[in-house]
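S.K.: predicted model follows, preceded by the sequence.
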Amino acid sequence: MSQRVGIIGFGQTYHRSRRDDVNGVELINEAVRAALEDAELTIDDIDAVVIGNMDHFEAVNYVDTWSVDGSGAWMKPLIKLTTGGTTGSTLGIAGYHHTASELFDVVLVIGWEKNSESDTTGAIITCSDPIFDRFSFSGALPGLAVEASTYMKRYGITEEDAALVTVRDREHGANNPYAQLQKPVTVEEVMQSPMLSWPVKLLDICPRSDGAAAVIFAGEQKAKKLSPRPAWVLSTAVRHSHSYFGDINYEEIHTMQEAVKELYKNVGIKEPLKELDVVELYQPYSFAGLKWIEAMGLCKPGESPRLLRDKVTHMDGELPFNPSGGVICTNCIGATGLLRIGEAALQVMGRAPGRQVPDVNLALSTGFGGAYWTDLMLLGSRPW
Amino acid sequence: MEKSELLHLQVVVELPYRWAAGRNGSLMLKALRDEKKIIGNRCPECRKVYVPPRAVCGPCFIAPDETVELPATGILAGYSVVNYPFIDPETGEKRPVPYTYGYIQLDGCDSYLSHFVNETDPARLSPGLRVEAVFKPDGERVGQMQDILHFKVSEEKGG
Ligand SMILES: [Zn+2]
């Protein structure tokens, strides 16, 4: 029992640093209504709902229960999932699994977060081992900065190289009316921004946002009937590794290396730089836009700054990254991975006004979280 | 849209927890407290030495069965100098900054230990630097990771 699956609708909120005009249910409902409108469906067309966030950011647990009115899950099969930073990509992959199984034909997937409701770093720390890791851990930022410290030393990468990544994404974000940060910045501005956690500065790191995203998955026949151009799910790959932060290999992001190996093999991709058309990378900080694209096989280790300087990954380049502005411009954490999937789907469906890459056949979206975990979903314009 | 006043509720909560260290964790914390020793264990399959010691090697999915006493010396594998304020969920207070968050690879160990390093000038730190543990004095160690006060840059081969 299994069927091919396509994405037929995507909706998102206008993401902001603080949305005091809505509570959680209302924020969720905004994204759900936008997705239904995008797919030209009503809530009655939805067979099942998958929802998630990182509870500890709001400390209002069990979103599956309290959000039912807003999510549209009233009297429907409903499941809640949370996997840390990868929550959004996990949700999308679960929506795909639900639909591919043929147990449900049209599945609504919702990711959301109101990061303004707590101290983001304090909340993130509660994910770490309370006895061995927590006393010294200070959230996502230094956890990433450690990776940057080894990467810079090994390949002679500079802070200016990383700044190019922020400059690209902030330039792209200016084209996205939903992005939280829509103002371009310069390398000088990145370099002069406050040093938060050496070598990561304020403009190297993602913001914290309030926002929600909703994506609608449909089985093959339904997708063909309901959408003129579905974004077909061609392959997914998931690699979650260790529990203690001290077990992570900070030299290589081996979860990404292993996940892309599986995904490229599944669909027969040999030269990703040439064959992929657009990437929505879950890139929580600028240095990831260098090191992780090397892990994706786009160039040799240490050579990524050249791709940035030559604008290969800019909007008009060979392989545009983050036309939405990506995580550097918007980061409502439980929604972030699902925003990557939704934005990649828009690119395939040809419905990304202001930020559309021409003629997209293959769009790759990624998720990142936990102890350097990687999720991937490849979308395509043809079901096989 | 008409502008209306938007309200919110602000509260501070105190939620006490009690976390079990388990057999392996207790072995390590007891050795820290009573003998100023760092204990790890070795997987019989991949031969990797882990700290903290644990009941299962994830990749091999079997139990490390050999207790290994590790030296207090090693290298600084990676680090960051934390310079921004945040609420420490352990205390409810702002954690003092700047401080250096380091991953220390003890000599003979394959995994890292995350801990503090008492040097906060990034220019004086580098991956590969030799470091050593500084323990709290006798009578002040209580059986937690902070019984190691921090790691300091070793003088003999420093820099
Ligand atoms: Zn092993």
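M.R.: Cool, got the structure.

S.K.: count the neighbours of B:Pro137 for me.
M.R.: Counted with other CB atoms under 10 Å in any protein chain shown, residues neighbouring B:Pro137 total 8. Any C-beta I mention is one placed from the backbone N, CA and C, and that applies to glycine too.

S.K.: the domain parsing of chain A - what is it?
M.R.: A:5-119+A:209-226, A:128-204+A:233-380 (automatic domain parsing).

S.K.: in a markdown table, list those domains along with mean neighbour count and distance to B:Cys46.
M.R.: Shown next, in a markdown table, are the domains of chain A (neighbours: other CB atoms under 10 Å in any protein chain shown; distance: least, CB to CB, whole Å):
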| stretch | mean neighbour count | distance to B:Cys46 |
| --- | --- | --- |
| domain A:5-119+A:209-226 | 22 | 26 |
| domain A:128-204+A:233-380 | 21 | 12 |
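
S.K.: redo those domains as a markdown table? Include mean pLDDT and distance to the ion.
M.R.: Below are the domains of chain A laid out as a markdown table (pLDDT from 0 to 100; distance: least, CB to the ion, whole Å):
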| stretch | mean pLDDT | distance to the ion |
| --- | --- | --- |
| domain A:5-119+A:209-226 | 97 | 24 |
| domain A:128-204+A:233-380 | 96 | 11 |
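
S.K.: up against the ion, what does chain B have?
M.R.: B:43, B:45-46, B:57, B:60 (CB under 5 Å from the ion).

S.K.: which among these count as buried?
M.R.: Buried by 16 or more other CB atoms under 10 Å in any protein chain shown: B:43, B:57, out of those.

S.K.: looking at the residues of chain B next to the ion, which is nearest A:Thr336?
M.R.: When the residues of chain B next to the ion are ranked by distance to A:Thr336 (CB to CB), B:Cys57 comes first, at 31.7 Å.

S.K.: could you pull up the residues touching the closest one?
M.R.: B:Cys57 is in contact with B:43, B:45-46, B:48, B:50, B:63-64, counting by CB atoms under 8 Å, 6 or more residues apart in numbering or on different chains.

S.K.: give the contact list for residue 14.
M.R.: Going with chain A. A:177-178, A:211.

S.K.: let's do chain B instead
M.R.: Contacts of B:Glu14 (CB under 8 Å, 6+ apart): B:Gly92.

S.K.: cool, A:Gly317 as well?
M.R.: Per CB under 8 Å, 6+ apart, neighbours of A:Gly317: A:310-311.

S.K.: ok, now A:Leu27?
M.R.: A:13, A:19, A:70, A:112, A:114, A:210-212.

S.K.: so which of those belong to helices?
M.R.: If you go by DSSP state H, the contacts of A:Leu27 have A:Gly70 in helices.

S.K.: what are the buried residues along the longest strand along chain B?
M.R.: Criterion DSSP state E: the longest strand present in chain B is strand B:73-82. By neighbour count on 16+ other CB under 10 Å, the buried set for strand B:73-82 is B:74-82.

S.K.: export those as TSV, with columns for distance to chain A.
M.R.: Listed next are the buried residues of strand B:73-82 as TSV, based on distance: CB to the nearest CB, whole Å:
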residue	distance to chain A
B:Gly74	12
B:Ile75	11
B:Leu76	9
B:Ala77	7
B:Gly78	4
B:Tyr79	6
B:Ser80	3
B:Val81	4
B:Val82	5
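
S.K.: roughly how far apart are the spatially most central residue of chain A and A:Asn331?
M.R.: Per CA atoms, centre = their mean, the C-alpha nearest to the average position across chain A is that of A:Gly337, at 2.7 Å. Separation of A:Gly337 from A:Asn331 (CB to CB, to the nearest Å): 11 Å.

S.K.: hmm, back to that, ok, so of the contacts of A:Leu27, who is nearest B:Ile87?
M.R.: A:Lys114 (17.0 Å).

S.K.: beta-bridge partners for that closest one, please?
M.R.: Residues in a beta bridge with A:Lys114, per DSSP bridges, are A:Asp210.
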